[in-house]
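J.: with the sequence up front, the predicted model follows.
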Amino acid sequence: EPFTTAWWSWLTLTGAMLAGAISVKFVGLFVVLYVGIFTIGQLWFILGDVSKPFLYTLKHFIARAICLIAVPIVLYISFFYIHLTILSKSGSGDGFYSSLFQSTLEGNRLYNASMPKDVAYGAL
């Protein structure tokens, strides 16, 4: 039954799980793609039901846009904001990052090093 508390709960939980899937690995894009194609199919079926008013279809579209697009984007950005705010210490994977980023990590040999942002050709 659409627009019940349980329906909203499952739709929002699906959006949260989409954010989790894409946050863990970018292979999670396939999960997002699968859910997106399934949602498009559902919306197409709802749009084809001429016994329902257009406003009903619009409500379904807006609900899915909020729960399956906006919620995952906000959660994804929040996860990385928290991650980069809390984790400020140096670790074994520092070599994968730029020198400028490494200079912001506590315990790294480049921590608080003064370095030029731009290096002229032939200067090294």
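T.: Yes, it's here.

J.: hang on, residue 52 packs against residue 46?
T.: Yes: the pair residue 52 and residue 46 qualifies as a contact (Cβ atoms under 8 Å) at a distance of 6.9 Å. For the C-beta atoms, the positions are set from N, CA and C on the backbone; glycine is no exception.

J.: which of the two has more residues huddled nearby?
T.: residue 46 (16 against 13; other Cβ atoms under 10 Å).

J.: buried sites along the helix or strand where residue 71 lies?
T.: Using DSSP states H and E, residue 71 maps to helix 71-86. For helix 71-86, the neighbour count (16 or more other Cβ atoms under 10 Å) marks 71, 72, 75 as buried.

J.: tell me the one of these nearest residue 88?
T.: Closest approach between those and residue 88, by Cβ to Cβ: residue 75, at 22.0 Å.

J.: identify the residues contacting that closest one.
T.: By Cβ atoms under 8 Å, 6 or more residues apart in numbering, residue 75 lies in contact with 15, 16, 19, 20, 23.

J.: rewinding a little: what residues of whichever helix or strand comes after the helix holding residue 71 count as buried?
T.: Using DSSP H and E, the helix or strand that follows helix 71-86 in sequence is helix 99-102. In terms of neighbour count (16+ other Cβ under 10 Å), helix 99-102 has its buried residues at residue 102.
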